[in-house]
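K.L.:
the following block contains a protein sequence and its predicted model.
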Amino acid sequence: MIVVAAGSGTRLGAGGPKALVGLDGRSILHHALERVFAAPAAQVVVVAPAGREGDALTEVLATAGDRRDLVGVVTGGPTRQESVAAGLAALWADVEVVLVHDAARALTPPVVFERVIDAISAGAPAAIPVVPVVDTIKRVEGAEIVAAVDRSELAAAQTPQGFRRDVLDAAYDSATADFTDDAALVAAAGHEVAAVAGDALAFKVTTPDDLDRARALVAEHPS
Ligand code: C5P
């Protein structure tokens, strides 16, 4: 599994890398890793912000328990895609299924990891968690609404996103554009992507409001 945690957190505005921002006494990365280590994974690679690898390692050591030997920390890149590529390069040769998870989805329940792993085990080359879109969506051009979009056809993509290793490696090797998630990159390489049920708790901490929500949830349900 690759946990990408190298984002700068510019939109959060918390004055440092997002993954190291605290939810309670513990960071976003710490909470994400607690849930990651509740799922079965042979190897976990944490992709850390440049210069903060030591802080990421501290969180790994605090959460991995007896699976410490299975964890590596590598340095991320300027885009999420480059950070995932850095994680991929650190995977052991014998890993056949790869999950890519955003540390920023700190409260993702372990059952979501299991659903993704089950879909890949059942033969899907790629599988991602999705949740229904609740807002009414419009297509806009400048300040003008040009079309309504049928939201029953839409879903919001979450992580962990799961892939057969050979499929993800080949898609990364041939990627020429920048994609916002790995499923889009793998779909562009011609592979089908299966959908499994996501979870509202797998929301991504992006804005200060998201951070308030995550902090309130952690305060309500201390782990
Ligand atoms: O920026 P955003 O919140 O969409 O990033 C999603 C995830 O990707 C976060 O966990 C973030 O730390 C990670 N990321 C990364 N390297 C980047 C940008 C984002 O590891 N250069």
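P.N.:
Nice, I can see it.
K.L.:
contacts and neighbour counts: CA atoms only from here.
P.N.:
Will do.
K.L.:
who's in contact with V47?
P.N.:
V47 makes contacts with 2-6, 73-76, 83-84, 86-87, as judged by C-alpha atoms under 8 Å, 6 or more residues apart in numbering.
K.L.:
could you pull up the residues touching V98?
P.N.:
M1, I2, G162, F163, R164, R165, L168.
K.L.:
now do 10 Å
P.N.:
Neighbouring residues of V98 by C-alpha atoms under 10 Å, 6 or more residues apart in numbering: 1-2, 41-44, 88, 91, 117, 120, 126, 160-169.
K.L.:
which of those residues count as buried?
P.N.:
Neighbour-count burial (16 or more other C-alpha atoms under 10 Å) is assigned, among the contacts of V98, to 1-2, 41, 43-44, 88, 91, 117, 120, 126, 160-165, 167-169.
K.L.:
any of the contacts of V47 buried? List them.
P.N.:
Among the contacts of V47, those buried by neighbour count (16+ other C-alpha under 10 Å) are 2-6, 73-76, 83-84, 86-87.
K.L.:
mind putting the residues you listed in JSON lines, pLDDT included?
P.N.:
Formatted as JSON lines, the buried ones among the contacts of V47 follow (pLDDT from 0 to 100):
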{"residue": "I2", "pLDDT": "98"}
{"residue": "V3", "pLDDT": "98"}
{"residue": "V4", "pLDDT": "98"}
{"residue": "A5", "pLDDT": "98"}
{"residue": "A6", "pLDDT": "97"}
{"residue": "V73", "pLDDT": "98"}
{"residue": "V74", "pLDDT": "98"}
{"residue": "T75", "pLDDT": "98"}
{"residue": "G76", "pLDDT": "98"}
{"residue": "S83", "pLDDT": "97"}
{"residue": "V84", "pLDDT": "97"}
{"residue": "A86", "pLDDT": "97"}
{"residue": "G87", "pLDDT": "98"}
